[in-house]
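A.B. asks: What follows is a predicted protein model with its sequence.
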Amino acid sequence: MKKIAIVVLLFFQIVKLNAQSPHLSGKVEVVMATGQITCDFILSNIPNLGKDYQILLNKGFNIKAIKDSANQTLNYAGFYGGAMRGEGLTYTPLFKDSTMVNPVKLHITYTGAFPIYTDTLNFIDFKGLIAFNGKTMRATDQSKWYPIIYDIKNDKLIEQMTFDIQVTSKDAKMIFVNGDLPKPGPIARFKSNIPIAPMLFAGDYNVQKTNGALFLNTQMNDKQLNVFEQNIAEMKAYYYKVLKIPYNTKNVFIEHAPVEKFNKGRSWGFVAFPTIAFAGIKLGDMIDEEQHKLKNQNDYPFIAHEIGHYYFGNVLQPNSTLFWFFLESTAEYLSVKASEEKFGKAFGTKYFEDKGKQLKNFKAKPLNAIKEANEISGTYRYSYGPFLLRGLEQSIGEQRTFKFLNTCLIAKGELTDYAFFKRIALKSGITQKEWDIYEKEFILSENAVSLIK
């Protein structure tokens, strides 16, 4: 396989309060037949957070040992584990019964075994699940398959890091860690000098390539690949035009079998940038080769949503109380705008009419009253949140709404809470009077859906 340079030019990529990014090195072994993962990692160049940090690992892992920078083994009594943060258990190194100050480097070895979902499936599949399906396995940053640092004071997960790791999987035909190229198994080494959140995808699959992307575990013909790539290029060009920030990353697209039972027609996707993964759908089936387009108009916003996460999820890495709003509601709103550009304004009108019917009895908690990120439910983040952004567009116009989104994207190192929302709105040129009217009509309403014209 010829090497393809995956250029990851990420504008304002890393939201950092510290100049340094962590570095992950070591080995990981994956046994596809049993679902076992064993890691021997050194986490170095850890930002100096004093005592205000935790180490997160997936709750399915058992730690064998953790050593400090002097390679001294720390007893389990020297760690406190048990509190959950997302999919991870939290661990805090102790020194003389107090949190270790600025550990600099930690050597962590751990192992865990995870279910292999074939005939019996899980009740839910999501990005945070370490998923074995008998053919492939995937583990993303959200699953905490590698040690992640939590910055307590600034309420930030430091998921992106440089890495140099060796992956062994005796029964894997191909192995991929995003930030590098897919490589044949059973042993492969992966490096990235650019901080990125490593996602692991291993198993029995092939690699396809175009000038602009890689496709893993897909079976598209040349015509299908060409149409798919043209649609992606179209979406990227539109986002660049309206958001004024180039989209210069070559994506990696993955098909993976869901480990949850999907009804016919259901599909799902997630992003671990620059990788975009889809479940429950074959990308080639989306393509009408004769008409040289996507068969279903609704597939366009579905893909555009994931492409939009380059901006909201990567250029801006949300955190704090409005994490889900700035991650998912923004990407969904952008997907509607991209579809309006493709199909006309009538697309957006119908989209919000249809969503409005679904949200007829939905009572939303105002954004300024959100105290915890998960108060923004799936319905809120994917369906109701876009109405709030449509309301902003209705209040100040399309171009000024894009100016607001651009101002969000170029903000650095800020908590994406409600104060951020308001501050960025005013900074982008929205007047206090305009904000007050918008806030009263849309934010403070229990259901902004009825106000969209």
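C.D. replies: Received, thanks. Residues are numbered from 1 along each chain as shown.
A.B. asks: Please count neighbours and contacts with C-alpha atoms only from this point.
C.D. replies: Will do.
A.B. asks: low pLDDT regions in this structure?
C.D. replies: 1-19, 74-82 (pLDDT under 70).
A.B. asks: what residues are up against the nearest residue to residue 40 once chain neighbours are set aside?
C.D. replies: Nearest residue to residue 40, sequence neighbours excluded (C-alpha to C-alpha, 6 or more residues apart in numbering): residue 109, at 4.4 Å. Neighbour list for residue 109: 38, 39, 40, 41, 63, 64, 65, 66 [criterion: C-alpha atoms under 8 Å, 6 or more residues apart in numbering].
A.B. asks: if you set the cut-off to 10 Å instead, what comes out?
C.D. replies: Taking C-alpha atoms under 10 Å, 6 or more residues apart in numbering, we find residue 109 in contact with 26-28, 38-42, 61-67.
A.B. asks: Looking at these, which one is closest to residue 413?
C.D. replies: Distance to residue 413, by C-alpha to C-alpha, is smallest for residue 42 among those, at 26.2 Å.
A.B. asks: Tabulate the CA atom coordinates of the host helix or strand of that closest one in PDB.
C.D. replies: Using DSSP states H and E, residue 42 maps to strand 36-44. C-alpha atoms of strand 36-44 as PDB (Å, rounded to 0.1, in the frame of the first residue of the first chain):
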ATOM      1  CA  GLN A  36      -8.600  -8.600  26.200                       C
ATOM      2  CA  ILE A  37      -6.600  -5.400  26.100                       C
ATOM      3  CA  THR A  38      -3.200  -5.100  27.900                       C
ATOM      4  CA  CYS A  39      -1.400  -1.800  28.000                       C
ATOM      5  CA  ASP A  40       2.100  -0.800  29.200                       C
ATOM      6  CA  PHE A  41       2.300   3.000  28.800                       C
ATOM      7  CA  ILE A  42       4.400   5.800  29.900                       C
ATOM      8  CA  LEU A  43       2.600   9.100  30.100                       C
ATOM      9  CA  SER A  44       5.200  11.900  30.000                       C
END
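A.B. asks: partners of it, with directions?
C.D. replies: Paired neighbours of strand 36-44 in the sheet (DSSP bridges): strand 23-31 (antiparallel), strand 106-113 (antiparallel).
A.B. asks: re earlier: show me which of the contacts of residue 109 is closest to residue 275.
C.D. replies: Nearest to residue 275 among those, counting by C-alpha to C-alpha, is residue 28 at 20.3 Å.
A.B. asks: got the contact list for the closest one?
C.D. replies: By C-alpha under 10 Å, 6+ apart, the neighbours of residue 28 are 37-41, 109-111, 146, 165-169, 187.
A.B. asks: same thing but 7 Å
C.D. replies: 38, 39, 40, 166, 167, 168 (C-alpha atoms under 7 Å, 6 or more residues apart in numbering).
A.B. asks: Tell me how far the closest residue to the second one other than its chain neighbours lies from residue 109.
C.D. replies: Translated: residue 39. Excluding the flanking residues, the one nearest residue 39 by C-alpha to C-alpha, 6+ apart is residue 28, at 4.3 Å. Distance, residue 28 to residue 109, using C-alpha to C-alpha, to the nearest Å: 10 Å.
A.B. asks: I appreciate the help and will end here.
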